[in-house]
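> I would like to see how this sequence folds:
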Amino acid sequence: SLVASGQVSVLFNYTIEATNNATSFNATGLPAGLSRTGALITGTPSVAGTFNVIISATSLGGTTSATLVLTIAP
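Model prediction:
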């Protein structure tokens, strides 16, 4: 699985990496304060914890998904 970390009240950025000219992206299970725009997950997290975020990318070849283990420190 993929791993990322951030901190409450500190700006967070994560880019979903994809191959095959992905045309759409998704992320479910993001903690409060974070959102996805295109391939970029960004924002200022407002809650600490470990979150299993399901990210996916879709191209002409289909959809591929992975789990991003996101740890937000207090």
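
> how close does the nearest residue to Ser1 once chain neighbours are set aside get to Asn21?
Distances taken as C-beta to C-beta, 6 or more residues apart in numbering put Thr67 closest to Ser1, at 4.4 Å, once the chain neighbours are dropped. Every C-beta, even on glycine, is put in place using the N, C-alpha and C of the backbone. Separation of Thr67 from Asn21 (C-beta to C-beta, to the nearest Å) stands at 23 Å.

> neighbour-wise, which of these two wins?
Thr67 (13 against 9; other C-beta atoms under 10 Å).

> how far out from the middle of the chain is the helix or strand where the more buried one lies?
Assigned by DSSP states H and E, Thr67 belongs to strand 62-73. Mean C-alpha position of strand 62-73 versus that of the full chain (C-alpha atoms, centre = their mean, to the nearest Å) differs by 6 Å.

> buried stuff in that strand?
68, 70, 72 (16 or more other C-beta atoms under 10 Å).

> partners of the first one in the sheet?
Going back to what we said before, that points to Leu68. Per DSSP bridges, residues listed as beta-bridge partners of Leu68: Leu2, Val53.

> related to what we said a few turns ago, pretty sure the residue nearest to Ser1 sits against Phe51.
No: applying C-beta atoms under 8 Å, one finds Thr67 not in contact with Phe51, separated by 10.0 Å.

> and the residue nearest to Ser1, how far from Leu2?
Distance, Thr67 to Leu2, by C-beta to C-beta: 7 Å.

> mutual contacts of these two, please.
Ile55 (C-beta atoms under 8 Å, 6 or more residues apart in numbering).

> any chance of the buried residues of strand 62-73 in CSV, plus distance to Tyr14?
What follows is the buried residues of strand 62-73, written out as CSV (distance: C-beta to C-beta, whole Å):
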residue, distance to Tyr14
Leu68, 7
Leu70, 8
Ile72, 12
